[in-house]
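Peer 1: show me the folded form of this:
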Amino acid sequence: MNNVPSVVVVSCSSTKPKSLIKLITKGNTTENPENKNLILQPWLIDTKYYTAEVQIVGLEKDYIRTEEFNKNVEALIIHMDSNKSSGLDDIIKWESLEKDCNLEVKLLVSNYCTEDTKVTKSKAAEWCLKRGFEFVELYPTINSHEQEEEIIKEKFGVDRIIEALHTHTWSNLVMKNKNRSRDCPIKLSNKTEQSSSNIGVNVDNFLTSDAADDFTELFSQLHMMKESLQSMPLSQRTQCAEQMVTAFWKAIGGEEEEILDL
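Peer 2: Residues are numbered from 1 along each chain as shown. Below you'll find the model as predicted:
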């Protein structure tokens, strides 16, 4: 295996890792003639701000992993069957991946999850909160009316998986336009550990923090701030969204007075 950061994709359902990898890369997977239980798929992440060469590893079964393999794993995606009562319990078969790898991105995925499935959405969310995962439905039921009222448009399904992988600070990423800071405001910083205490972020805290690190921190917290805003009344969401815009503006070196009339 190449010495590049990797995303490990595993499954506790009838959905194979190969299917998830195809959705993420939007292409065909490369067959591994030496081991049919192991998929090695190169993936070039090319965003507005950086590029990174990543390897997506699909595991049908756990196998003897080397220390080098564990060191390279930065993201883990687990597919869970929400129609099985044992859906969450089945994940224990991949518990060693969590323990052995220094994971920065952990996603629990199901095709869909409601309050009528064997594993309810609330149970899946509770499990994720305890384990530091983010829960993603591939085919969620979306209320179009509520989506129109959203201040920050949230991505769903595989788009959210890709977004989560794009916002991670990959160990080998190469910044674009690195000599033109105004075009590329992201500043690399040390990776920070996220925990359940991150949920319900107070935007005011960011307004007074060191501007040199604000943008990276704000960007990594954006999805969780979005979840916090959803439970607020519309007037309060609008006020918090304005604070968030101000925080991002100041993080890239702008002055608050410059956007007062917007």
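Peer 1: for E68, see how far away I39 is.
Peer 2: Going from I39 to E68 by CB to CB, to the nearest Å gives 18 Å. (Each C-beta comes from the backbone N, C-alpha and C, glycine too.)
Peer 1: quick one: which of those two has more around it?
Peer 2: Legend: neighbour count by other CB atoms under 10 Å for I39 and E68, higher for I39 (20 against 9).
Peer 1: how about the helix or strand the more buried one falls within as CSV, C-alpha atoms only?
Peer 2: Here I39, judged by DSSP states H and E, is contained in strand 38-46. Extracted C-alpha coordinates of strand 38-46, given in CSV (Å, rounded to 0.1, in the frame of the first residue of the first chain):
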residue,chain,number,x,y,z
LEU,A,38,-9.6,-5.5,0.1
ILE,A,39,-10.3,-2.6,-2.2
LEU,A,40,-7.6,0.0,-2.7
GLN,A,41,-9.0,3.1,-4.6
PRO,A,42,-6.8,6.2,-5.2
TRP,A,43,-8.8,9.4,-4.9
LEU,A,44,-7.6,12.9,-5.7
ILE,A,45,-9.4,15.5,-3.6
ASP,A,46,-9.4,18.8,-5.4
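Peer 1: so the host helix or strand of V7 versus strand 38-46, what angle?
Peer 2: Taking DSSP H and E as the definition, one finds V7 inside strand 6-11. Calculated by axes from the mean of the first three to the mean of the last three CA atoms, to 10 degrees, strand 6-11 forms an angle of 130 degrees with strand 38-46.
Peer 1: assign V109 to helix, strand or coil.
Peer 2: When classified by DSSP: H, G, I helix; E, B strand; the rest coil, V109 comes out as strand.
Peer 1: quickly list what it is bridged to.
Peer 2: On the basis of DSSP bridges, V109 is bridged to H79, V136.
Peer 1: what is the neighbour count of G157?
Peer 2: For G157, using other CB under 10 Å, the count is 17.
Peer 1: measure the closest residue to it other than its chain neighbours to L20 for me?
Peer 2: Excluding its sequence neighbours, the residue lying closest to G157 (CB to CB, 6 or more residues apart in numbering) is L138, at 5.0 Å. Distance, L138 to L20, by CB to CB: 8 Å.
Peer 1: can I get the strand holding V7 in CSV? Just the C-alpha atoms.
Peer 2: What follows is strand 6-11, C-alpha atoms only, in CSV (Å, rounded to 0.1, in the frame of the first residue of the first chain):
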residue,chain,number,x,y,z
SER,A,6,-6.5,6.8,3.8
VAL,A,7,-10.2,6.5,4.3
VAL,A,8,-11.4,3.1,5.5
VAL,A,9,-14.9,2.1,4.4
VAL,A,10,-16.5,-0.9,6.1
SER,A,11,-20.0,-2.3,6.4
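Peer 1: just the strands in the stretch 101-250 of the chain please.
Peer 2: For the stretch 101-250 of the chain, the strands defined by DSSP state E, counting those that start in this stretch occupy 105-110, 134-137, 174-175.
Peer 1: tell me which of these sits most buried.
Peer 2: For the strands of the stretch 101-250 of the chain, the largest average neighbour count (mean count of other CB atoms under 10 Å) is found in strand 105-110, namely a mean of 22.
Peer 1: just want the angle from it to strand 6-11.
Peer 2: 20 degrees.
Peer 1: could I get the average pLDDT for strand 105-110?
Peer 2: Across strand 105-110, pLDDT averages out at 96.
Peer 1: residues in contact with the nearest residue to V73 once chain neighbours are set aside?
Peer 2: Using CB to CB, 6+ apart and skipping residues adjacent in sequence, the residue nearest V73 is C101, 4.0 Å away. Listed by CB atoms under 8 Å, 6 or more residues apart in numbering, the contact set of C101 reads 8, 70-71, 73, 76.
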